[in-house]
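[1] got a predicted structure here, sequence first:
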Amino acid sequence: MLRVDDHNDLSVSTPFIANAPPPPKKDGAQRSRDSFVADTALKLEQLQATVRLLTRDVGQLAGKVAELHEASAQENRAYLYQQNEKRSREGKLDEVVRGFRDLKARLDRMEARSGGDYHAYNSFEAVSRKLAEMEKAQEATRRVGHGDTIRACLLAAAMLAAAGIIGASLMLSGGSI
């Protein structure tokens, strides 16, 4: 079995074969065996070179995979950050929409006759005019309230005066009705 990690065990030095003295004349079987051993040694050397190249390529690929993994992790962090920001913006927008709906409902209650048509109030000047109208109406209501109070006081004073006059006349006439 070949082990990729331990390629020193498989190494056969070709210089040893190349620098060896010429072998003595041998018979045909010995020459074919020597030729087979030399071819096998050469093929093993080529196999070791191929394994070294493949090992280097695998190392480079492992580095590239690590870079891709880091890049994907960074992209994932950026995506999560964007999603959190999007959720935050949507939450703030929902809160603003809720506030505007509440404000519209309050305005509808304040001015029921408008029917929710606020297109006339599209500038600060129009809003200012409407607020001035509302202040005038409020002031008129206060004045009416003060007038009613004064009238009630005058009525009470008149009734007291009438009661005083009736009481005085009863006392002067002798007390019988």
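    Arrived safely.

[2] show me what the helix or strand harbouring Ala41 is packed up against.
    Following DSSP states H and E, one finds Ala41 within helix 28-110. For helix 28-110, the packing partners by 3 or more Cβ pairs under 8 Å, 6 or more residues apart in numbering; DSSP states H and E come out as helix 14-18. Every C-beta, even on glycine, is put in place using the N, C-alpha and C of the backbone.

[3] state the mean pLDDT of the helix it packs on.
    Mean per-residue pLDDT for helix 14-18: 49.

[4] quick one on the thing from earlier: what angle sits between the helix or strand following the helix holding Ala41 and helix 28-110?
    As assigned by DSSP H and E, the chain's next helix or strand after helix 28-110 is helix 124-173. Interaxial angle, helix 124-173 versus helix 28-110 (axes from the mean of the first three to the mean of the last three Cα atoms, to 10 degrees): 30 degrees.

[5] averaged over its residues, what pLDDT does helix 124-173 have?
    On average, helix 124-173 scores 86.

[6] also stretch 98-116?
    For stretch 98-116, the per-residue pLDDT averages 75.

[7] repeat that for stretch 29-47.
    If you average the pLDDT over stretch 29-47, you get 92.

[8] now do the buried residues in that stretch.
    For stretch 29-47, a neighbour-count test (16 or more other Cβ atoms under 10 Å) marks 41, 45 as buried.

[9] number of nearby residues for His69?
    Around His69 there are 10 other residues, counting by other Cβ atoms under 10 Å.

[10] so it versus Asn84, what's the distance?
    Separation of His69 from Asn84 (Cβ to Cβ, to the nearest Å): 23 Å.

[11] send me stretch 150-170 as PDB with only the CA atoms.
    In PDB, the C-alpha atoms belonging to stretch 150-170 read as follows (Å, rounded to 0.1, in the frame of the first residue of the first chain):
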ATOM      1  CA  ILE A 150     -72.200  87.600  35.400                       C
ATOM      2  CA  ARG A 151     -75.900  87.100  34.400                       C
ATOM      3  CA  ALA A 152     -76.300  84.300  37.000                       C
ATOM      4  CA  CYS A 153     -74.800  86.600  39.700                       C
ATOM      5  CA  LEU A 154     -77.200  89.500  38.700                       C
ATOM      6  CA  LEU A 155     -80.200  87.100  38.800                       C
ATOM      7  CA  ALA A 156     -79.200  85.900  42.300                       C
ATOM      8  CA  ALA A 157     -78.700  89.500  43.400                       C
ATOM      9  CA  ALA A 158     -82.100  90.400  42.000                       C
ATOM     10  CA  MET A 159     -83.800  87.400  43.700                       C
ATOM     11  CA  LEU A 160     -82.100  88.400  47.000                       C
ATOM     12  CA  ALA A 161     -83.300  92.000  46.600                       C
ATOM     13  CA  ALA A 162     -86.800  90.800  45.800                       C
ATOM     14  CA  ALA A 163     -86.800  88.500  48.800                       C
ATOM     15  CA  GLY A 164     -85.500  91.400  50.900                       C
ATOM     16  CA  ILE A 165     -88.300  93.600  49.700                       C
ATOM     17  CA  ILE A 166     -90.900  91.000  50.200                       C
ATOM     18  CA  GLY A 167     -89.600  90.300  53.700                       C
ATOM     19  CA  ALA A 168     -89.500  94.000  54.500                       C
ATOM     20  CA  SER A 169     -93.000  94.500  53.300                       C
ATOM     21  CA  LEU A 170     -94.200  91.600  55.400                       C
END
